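Q: Give me a 3D structure for the following:
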Amino acid sequence: MELRKRTAAMGSELQGEVEESSSELQLPADIDWEKLDKSRFFFLGAGLFSVVSAALYPAVVLKTRLQVSQPPFPSATAAAAFILRREGPLAFYRGFATSLAGTIPARALYMAALEITKSAVGTTVLRLGVSEPAASTAAGAAAGLSAAVAAQVVWTPIDVVSQRLMVQSNSYRSTASGYRGGLDAFRKIITSDGIRGLYRGFGMSILTYAPSNAVWWASYSISQKIIWGGAGYYLCRYRCGVEEVGNEEKGGSGGGGLKPGNKTVVVVHGLSAAMAGAAAALVTMPLDTIKTRMQVIDCGEEGPMTIGRTVRSLLREGGWGACYRGLGPRWASMSMSATTMITTYEFLKRLSAKRQESLPT
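A: Below is the predicted model of the structure:
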């Protein structure tokens, strides 16, 4: 009798191990460019990303103020308190209307270039015999690179104007050289510097955002693989542990696999995006500081700031540490932005999937 019980127990354990090994985590299929309803994709995207941009704009203003500040350099908290006390809460949204006007076309270009490149490169690399994880990482890096270059054609002039508005105080606004709004800033920049004034720092913007986006999308792909690997093991263990309950909940599919729920998908996307945003912020912070200074600071008779002049100025002010001034707000901004943007973006793609090919989340 005892031997029979032990044999049955060993059989149950063996069956559990077989079920566990056969259980696969069925990840949500990616929705590529061909499966999207383009009009719905761009229309919904404009609305969703405008809301996200509004929520994150104060951190961008604070980061920009810190990057162009002069000695003694305040902390992020002190700078935020100073702006709030001297200029009021609306100062954190100075230049937002201009930024929003440029965000919509720039974001449309970005998303189109991203999806087209990712689909084309991913398919090509897979045909060359490269493994799926490596192909996904390469496609993400190439897509981020091309998307950043495409978006900067529209975004750089908007960035120049909005950052000029961000850094001016209320008292400077009332002077003859101050800006009374986005259109006034646009007109004065054109009058003094021509079209080149609107594209000041364009090359540096490409050098900043192109590698930043390449790092971000590659890191995002890798982070997803790592997190899903851990989640897949845990979820499969949990499924086998509840025996028939898990199978019944999945429609009696036997040992056929496990599909993560919507909440799990959102959490994984959010964690992957936050990790990727932190990595991109750390790697590209010096480039962003140089770009911001070139776009905002005037040198009078000496002409516009060059990369060399900007770097020398930063080194004189505080060594290489000056290049990381504003890292805290930028890190927080990029991590929060990445988390909200990617969850919004993935949600947008599923909302915009063509109905006959729509994929469940």
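
Q: which of the residues in the longest helix along the chain are buried?
A: Looking across the chain with DSSP state H, the single longest helix is helix 202-241. Within helix 202-241, the residues scored as buried using 16 or more other Cβ atoms under 10 Å are 202, 204-224, 227-228, 231-232, 235-236, 239-240. For every residue, glycine as well, the C-beta is placed using N, CA and C.

Q: counting contacts, what elements does it pack onto?
A: helix 2-22, helix 132-167, helix 244-249, helix 262-296, helix 327-351 (3 or more Cβ pairs under 8 Å, 6 or more residues apart in numbering; DSSP states H and E).

Q: Can you give me the buried ones in the fourth one?
A: In other words, helix 262-296. 264-266, 268-281, 284-296.

Q: Same check on the second one?
A: Within helix 132-167, the residues that qualify as buried by neighbour count (16+ other Cβ under 10 Å) are 135-152, 154-167.

Q: which ones are touching the nearest residue to residue 60 once chain neighbours are set aside?
A: Among residues not flanking residue 60 along the chain, residue 333 sits closest, at 6.0 Å (Cβ to Cβ, 6 or more residues apart in numbering). By Cβ atoms under 8 Å, 6 or more residues apart in numbering, residue 333 lies in contact with 56, 59, 60, 63.

Q: ok, back up a step: what is the mean pLDDT for the longest helix of the chain?
A: For helix 202-241, mean pLDDT rounds to 77.

Q: next one: it to chain centre, how far?
A: 11 Å (Cα atoms, centre = their mean, to the nearest Å).

Q: can you give me the angle that helix makes with helix 262-296?
A: Interaxial angle, helix 202-241 versus helix 262-296 (axes from the mean of the first three to the mean of the last three Cα atoms, to 10 degrees): 170 degrees.

Q: on that earlier part again, ok, which pair from the contacts of residue 333 is furthest apart?
A: 56 and 63 (10.5 Å; Cβ to Cβ).

Q: Out of the helices and strands packed on helix 202-241, which is closest to residue 113?
A: helix 132-167 (4.0 Å).

Q: elements contacting the closest one?
A: helix 38-67, helix 96-127, helix 182-193, helix 195-198, helix 202-241, helix 262-296.

Q: could you point out where the chain is predicted with low confidence?
A: 1-29, 170-176, 231-233, 235-258, 299-304, 355-361 (pLDDT under 70).

Q: Try it again at 50.
A: 1-23, 240-256, 356-361 (pLDDT under 50).

Q: just checking, residue 34 touches residue 116?
A: No - using Cβ atoms under 8 Å, residue 34 is not in contact with residue 116; the gap is 9.9 Å.

Q: Settle it for me: which of the two has more neighbours?
A: More crowded of residue 34 and residue 116, by other Cβ atoms under 10 Å: residue 116, with 17 against 10.

Q: which residues sit in contact with that one?
A: residue 33.

Q: State the distance from residue 73 to residue 65.
A: Distance of residue 73 to residue 65, given as Cβ to Cβ, to the nearest Å: 11 Å.

Q: So between those two, which is more surrounded?
A: Neighbours of residue 73 and residue 65, each counted by other Cβ under 10 Å, are more numerous for residue 65; the result is 25 against 15.
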